[in-house]
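1. I would like to see how this sequence folds:
(one chain, ligands or ions: 2)
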Amino acid sequence: MMKTVNYFLPLAGLAVLNGCGGNGKKAEQKKPLNIVYIMTDDHAQQMMSCYEQRHMQTPHLDRIAAEGVRFTNSFVCNSLSGPSRAVLLTGKHSHKNGYTDNSSGAMFNGEQQTVQQLLQAGGYQTAMIGKWHLGSTPTCFDYWTILPGQGDYYNPDFITPEGTVRKEGYVTNIITDLSIDWLRQKRDTTKPFCLFVHHKAIHRNWMADTCDLALYEDKTFELPANFWDDYQGRIAAGKQEMSIDKDMTLIYDLKMLDERVEDHYKSLYIRQQDTLGTYGRMNAAQKAAWNRHYHPIIEQFKNAKLRGKDLAKWKYQRYMRDYAKVVKSLDDNVGRLLEELEKEGLLENTLVVYASDQGFYMGEHGWFDKRFMYEESMRTPLIMRLPEGFDRRGDIAQLVQNIDYTPTFLDLAGLPIPEDIQGVSLLPLLKGENPSDWRKSLYYHYYEYPAEHAVRRHYGVRTERYKLMHFYQDIDAWELYDLQEDPTEMHNLYGQPGTEELTKELKAELESLQVQYDDPVRNLN
Ligand code: SGN
Ligand code: CA
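-> Ligands and ions are numbered 1, 2, ... in the order given. Prediction:
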């Protein structure tokens with residue numbers, strides 16, 4: 001396993017490590033580099049044209065990749081929102097940062113060592129705007145404005161140090177406006193900065209901006225080859241509740257609410273028990289635009305009286321269309337932010353990172369949602385626009401994981417990387433190096449069960465070619481995949497004659513990762 005490489009001489013010194021504040025020595029680097037980290041929620045690589053051309057175009061995201069790099073083997077270590085955010089801020093696996101799942105009442109301990117704390121102590125200004133989803137109040141940010149919980153698409157509330165404010169408009173535009181406003185008016189221009197722009201998009205229930213509603217309606221999205229998966233040989237996959245056919249709802253997910261007649265369904269969409277994805281929050285003009293768009297679709301849907309596979313295929317098309325519209329708005333807003341950085345003369349001195357909190361199923365295995373260690377949700381998009389002096393372009397194929405973001409940011413800032421951080425800096429890769437001792441395997445551990453979507457707890461190891469996973473709660477089942485022969489993970493090879501040696505090697509690798517990362521859950525058998 002590679003140890004961290006400090007690419008620059010430490011420039012800022014390791015200043016105050018306990019507590020926040022700008023007590024740290026100021027960076028002495030002539031041109032300290034800024035960091036803009038843009039994270040979306042549930043954005044599948046399948047829905048970014050710099051990764052896949054099949055479904056839609058995302059020109060502004062593509063620009064980030066074209067003017068920098070695209071990671072082709074980028075993964076998370078626990079495919080869920082809160083946990084991914086805690087990993088991002090600490091550079092540590094979930095069992096170490098203490099935030100293992102989204103369960104209600106879960107609170108991230110902001111007193112622990114975080115990237116924003118270390119950057120701040122090293123003379124950086126830190127800002128967090130958008131989805132936070134960690135229960136507790138943000139610490140060590142000079143500026144923060146966050147969505148409560150999952151937040152809302154329309155007219156969202158924001159929590160600020162001064163209290164909660166409601167902002168009129170569409171959430172992706174507002175988060176971008178707030179970010180631009182911070183860059184223009186609020187930051188201290190004498191300091192380098194790290195700005196986290198965390199979008200709610202493209203989270204369920206995929207509500208588009210009114211100006212994008214008409215898009216993609218003529219497009220028929222290609223059904224994934226394993227849409228009708230029967231989960232043979234994969235017990236946990238057979239027990240999930242995230243199937244487009246069975247679990248995706250017509251009213252809440254697919255907006256087939258007919259306000260005029262179906263009163264008894266309204267609560268499903270309006271979701272009074274929480275603040276998620278509500279139609280009820282829209283103002284009159286937004287509702288009018290929404291109804292103009294959806295009412296004819298609702299009429300057609302009622303008349304078509306679809307059943308069985310036809311209904312599932314129809315649901316898939318509606319899902320893909322709504323999701324693509326939300327991505328379109330996101331892409332436009334990323335474009336706006338890039339333009340602003342350019343206008344402010346910041347682009348050449350800033351690392352712009354785009355990632356999601358995890359990947360997502362766009363109908364593969366018949367699913368939406370994430371959580372599983374299977375490829376679509378263990379992977380996450382990762383593209384970076386590189387500042388001047390970093391000449392690397394194109395693809396980076398090494399195995400990287402979200403534990404690596406914290407050490408990368410510290411390394412870029414010229415700050416030391418504390419020993420207890422579990423990720424490694426990606427800076428050598430951005431500089432075009434090819435370290436011979438780069439990691440050969442990744443560790444994964446998912447915890448949220450019992451919970452919505454019914455994905456059982458599991459941990460596992462992924463190497464460049466193989467994946468071994470163990471579902472250990474409620475069921476006890478191992479799965480083994482040869483990703484070269486079976487990239488869509490349809491054939492569980494565990495226990496098959498001829499795989500004994502491979503299984504033994506992968507179990508040894510898994511155990512060594514559990515020891516290396518000090519995971520107390522190791523019920524190998
Ligand atoms: C909500 C969604 C789930 C989703 C989780 C976690 N249900 O609970 O479908 O898996 O968020 O998502 S909803 O009916 O409330 O929309 S995460 O990205 O925040 O981890
Ligand atoms: Ca998410």
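2. what's the neighbour count on residue 65?
-> By the criterion of other CB atoms under 10 Å, residue 65 has 24 neighbours. The C-beta positions use only the backbone N, C-alpha and C, and glycine is treated the same way.
3. Touching, it and residue 383? I think so.
-> Yes - shown here, residue 65 and residue 383 form a contact pair, counting by CB atoms under 8 Å, at 4.2 Å.
4. if I look at the two, which residues touch both of them?
-> residue 50 (CB atoms under 8 Å, 6 or more residues apart in numbering).
5. low-scoring pLDDT stretches of the chain, where are they?
-> 1-30, 258-277, 523-525 (pLDDT under 70).
6. Spell out which residues of it are next to ligand 2.
-> Counting by CB under 5 Å from the ion, the chain comes close to ligand 2 at 41, 42, 81, 357.
7. Could you identify which of those residues has the most neighbours?
-> That'd be residue 357 among the residues of the chain next to ligand 2, by other CB under 10 Å, with 28 neighbours.
8. Which positions within stretch 173-181 qualify as buried?
-> 173, 174, 175, 176, 177, 178, 179, 180 (16 or more other CB atoms under 10 Å).
9. ok so the fifth one is a helix residue?
-> Think residue 177. Yes - under DSSP: H, G, I helix; E, B strand; the rest coil, residue 177 falls within a helix.
10. re earlier: would you list the buried residues of stretch 173-181 in CSV and tack on distance to ligand 1?
-> Formatted as CSV, the buried residues of stretch 173-181 follow (distance: CB to the nearest ligand atom, whole Å):
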residue, distance to ligand 1
173, 21
174, 19
175, 16
176, 20
177, 23
178, 20
179, 21
180, 25
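11. Redo the residues you listed as CSV? Include distance to residue 256.
-> Output for these, formatted as CSV (distance: CB to CB, whole Å):
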residue, distance to residue 256
173, 26
174, 27
175, 28
176, 30
177, 32
178, 33
179, 34
180, 36
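12. just to revisit the earlier point, can you tell me which of the residues of the chain next to ligand 2 end up in helices?
-> Taking DSSP state H, the ones among the residues of the chain next to ligand 2 that sit in helices are residue 81.
13. so where do the strands sit in the stretch 401-525 of the chain?
-> Remark: strands assigned in the stretch 401-525 of the chain by DSSP state E, counting those that start in this stretch are 441-446, 458-463, 466-471, 477-482.
14. What is the nearest of the residues of the chain next to ligand 2 to residue 322?
-> residue 42 (12.6 Å; CB to CB).
15. quick one: that closest one and residue 460, what's the gap?
-> 21 Å (CB to CB, to the nearest Å).
16. How about residue 451?
-> 19 Å.
17. Between the two, which has more neighbouring residues?
-> residue 460 (23 against 15).
18. Surely that one touches residue 510?
-> Yes - here residue 460 reaches residue 510: they are 6.8 Å apart, a contact under CB under 8 Å.
19. shared neighbours, those two?
-> 443, 468, 470.
20. which one of the residues you listed is nearest ligand 2?
-> Within these, proximity to ligand 2 (CB to the ion) peaks at residue 443, which comes in at 19.9 Å.
21. Quick check: that closest one touching residue 93?
-> Yes - Residue 443 lies in contact with residue 93 (CB under 8 Å); the separation is 6.9 Å.
22. what is in contact with the two at once?
-> With CB under 8 Å, 6+ apart, residue 443 and residue 93 have common neighbours 77, 517, 519.
23. Now rank these by neighbours and give me the top one.
-> Neighbour max across the shared contacts of residue 443 and residue 93 (other CB under 10 Å) = residue 77, 26 neighbours.
24. Tell me who's in contact with it.
-> Residue 77 touches 87, 93, 94, 401, 402, 403, 442, 443, 444, 445, counting by CB under 8 Å, 6+ apart.
25. about what we covered before: tell me which of the strands of the stretch 401-525 of the chain sits nearest to residue 352.
-> strand 441-446 (24.7 Å).
26. Where do the strands of the stretch 101-250 of the chain begin and end?
-> 125-131, 143-147, 157-160, 163-166, 193-198.
27. any chance of those in TSV, with distance to residue 242 and mean neighbour count too?
-> Converted to TSV, the strands of the stretch 101-250 of the chain look like this (distance: least, CB to CB, whole Å; neighbours: other CB atoms under 10 Å):
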stretch	distance to residue 242	mean neighbour count
strand 125-131	21	26
strand 143-147	23	22
strand 157-160	28	17
strand 163-166	32	9
strand 193-198	23	25
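28. how about those strands, which one is nearest residue 72?
-> Of all the strands of the stretch 101-250 of the chain, strand 193-198 comes closest under CB to CB, at 23.6 Å.
29. Is any residue of the closest one near ligand 1?
-> No - contact of strand 193-198 with ligand 1 (CB under 6 Å from any ligand atom) is absent, the minimum separation being 11.4 Å.
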